[in-house]
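> Dropping a prediction and its sequence here:
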Amino acid sequence: MTNGLRLIDRLTPWLLGVAVFALSMMSVFGQVGVPSTLAAPVLVPAALAAGAAAALARRWFWPLALVGAVGYVWLMMSPALFAASYYAGVRGRPRRFLVLAVVACAGATGVSAAVGGYRGLVAGTLPNALMWAALVVALPLLAGLWVRAKRERVEQLEREQVMRAEQARTQERARIAREMHDVVAHRVSLIVLHAGALELRTKDEGTAEAAALIGDIGREALADLREVLGILRTRDAQDAGTEALSPQPTLADLDRLLDQTRSLGTPVTRHDEGEARPVGETVERTAYRVVQEALTNVHKHAGRAPAEVFIRYLPAEVEVEVRNDRPVGGGEALPGSGWGLLGLRERVELAGGSLDAAPVPGAGFRVLARIPSA
């Protein structure tokens with residue numbers, strides 16, 4: 001809702017109160033045929049009470065209904081009862097209000113007949129009383145019920161739209177999960193199986209160790225993939241958060257990641273700067289993923305070029321830097337998805353940080369992430 005609409009919404013009750021007050025004064029002063037001498041002692045207080053009740057009707061409905069009923073019986077003051085009838089329809093309280101409205105209309109007819117004169121002629125006969133009841137009670141009540149029905153219909157359509165959008169998201173997540181299971185998980189499983197077979201068949205100790213490491217990495221990848229598939233198949237993020245998933249890696253697992261990278265032939269050196277302190281799990285997971293993706297790119301595109309990992313604990317953020325000493329492209333020609341750094345940048349930005357990944361003139365490639373620690 002814009003500021004202009006908010007202002008109109010706030011002013012509407014008070015404008016309604018002013019309108020009910022002014023119309024009440026006019027009706028009793030003879031604009032609708034009621035002699036002013038009948039109500040001279042209580043005219044202004046009654047009109048003020050009607051206006052105040054109308055202004056507060058959004059919060060308190062029954063004061064307006066009671067003021068409207070009494071004013072209609074006593075002074076033939078109809079604006080407050082008219083507004084109460086509309087609110088009764090909008091707020092879904094027509095049954096109890098109708099009892100009060102019938103009593104008020106019957107009382108107004110009786111008082112008008114007893115007073116006689118012009119008022120008795122206008123409202124003291126049955127046909128005229130029914131006409132006034134239709135104008136003051138029935139029409140605004142029906143209008144309120146129609147507005148309420150329209151609002152409920154709009155709300156129902158909005159809920160249905162949200163449900164359809166959620167259903168579409170769920171179906172798309174399920175489709176992606178099936179694709180990942182049928183393609184990625186199957187191929188990683190084959191890698192693990194072949195690595196295990198190579199470990200058993202080879203007689204070379206170094207080859208056996210490398211095969212065992214490949215198998216371990218593949219099994220970890222399968223475990224991570226199962227977690228991702230579980231989240232994709234979950235209907236909403238709240239349910240996903242309640243699933244029994246294994247702990248996500250943090251900076252405490254960084255040394256194991258570096259050892260795996262060294263086992264693949266890429267020299268890696270770790271540097272910790274600043275005083276290490278506890279930070280949020282999201283910060284630690286993001287920092288770990290930055291190092292993981294950066295070292296994967298070093299292995300893919302820079303061969304066995306030495307790499308350095310810097311973890312800097314700054315006053316308000318954690319800075320992660322990974323750089324290698326050989327220009328990108330001088331290593332193995334392994335296939336890449338092209339989305340690694342893009343997804344990494346989105347992950348860092350979701351944590352409130354920033355990511356810079358670019359070649360360094362004469363010094364290879366650098367990935368630098370700054371992640372707020374608070």
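Okay, I see it.

> give me the number of residues near the closest residue in space to residue 14 that isn't next to it in sequence?
Spatial nearest neighbour of residue 14, chain neighbours left out: residue 55 (5.3 Å); criterion: CB to CB, 6 or more residues apart in numbering. All C-beta spots, glycine's among them, are computed from the backbone N, C-alpha and C. Applying other CB atoms under 10 Å, we find 20 residues neighbouring residue 55.

> wait, residue 55 sits on residue 17?
Yes: Residue 55 is within contact range of residue 17, at 3.0 Å (criterion: CB atoms under 8 Å).

> contacting residues around the host helix or strand of residue 106?
Mapping residue 106 onto the secondary structure by DSSP states H and E places it in helix 94-115. Helix 94-115 is contacted by residues 38, 65-66, 68-70, 72-74, 76, 81, 84-85, 88, 119-120, 122-126, 129, 132-133, 136-137, 141, 145 when judged by CB atoms under 8 Å, 6 or more residues apart in numbering.

> What's the ChimeraX syntax to select whichever of those residues are buried?
For the buried members of these, the matching ChimeraX selection, counting by 16 or more other CB atoms under 10 Å, is:
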select :38,65,66,68,69,70,72,73,74,76,81,84,85,88,119,120,122,123,124,129,132,133,136,137,141,145
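
> can you give me the helices in the protein?
In the chain, the segments counted as helices under DSSP state H are 3-26, 43-55, 62-75, 79-90, 94-115, 117-123, 126-133, 139-179, 186-201, 205-233, 237-242, 254-263, 281-301, 340-350.

> so can I have JSON lines of the ones you listed showing distance to residue 373 and mean pLDDT?
As requested, the helices of the chain are exported to JSON lines (distance: least, CB to CB, whole Å; pLDDT from 0 to 100):
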{"stretch": "helix 3-26", "distance to residue 373": "36", "mean pLDDT": "78"}
{"stretch": "helix 43-55", "distance to residue 373": "51", "mean pLDDT": "84"}
{"stretch": "helix 62-75", "distance to residue 373": "55", "mean pLDDT": "82"}
{"stretch": "helix 79-90", "distance to residue 373": "51", "mean pLDDT": "86"}
{"stretch": "helix 94-115", "distance to residue 373": "58", "mean pLDDT": "79"}
{"stretch": "helix 117-123", "distance to residue 373": "76", "mean pLDDT": "67"}
{"stretch": "helix 126-133", "distance to residue 373": "70", "mean pLDDT": "82"}
{"stretch": "helix 139-179", "distance to residue 373": "32", "mean pLDDT": "83"}
{"stretch": "helix 186-201", "distance to residue 373": "34", "mean pLDDT": "78"}
{"stretch": "helix 205-233", "distance to residue 373": "25", "mean pLDDT": "79"}
{"stretch": "helix 237-242", "distance to residue 373": "23", "mean pLDDT": "44"}
{"stretch": "helix 254-263", "distance to residue 373": "16", "mean pLDDT": "86"}
{"stretch": "helix 281-301", "distance to residue 373": "6", "mean pLDDT": "85"}
{"stretch": "helix 340-350", "distance to residue 373": "13", "mean pLDDT": "79"}
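
> Out of those, which is closest to residue 325?
Among the helices of the chain, the nearest to residue 325 by CB to CB is helix 281-301 (9.8 Å).

> distance of the nearest residue to residue 20 once chain neighbours are set aside from residue 83?
Using CB to CB, 6+ apart and skipping residues adjacent in sequence, the residue nearest residue 20 is residue 54, 4.0 Å away. Distance of residue 54 to residue 83, given as CB to CB, to the nearest Å: 5 Å.

> Mind listing the shared neighbours of those two?
16, 20, 64.
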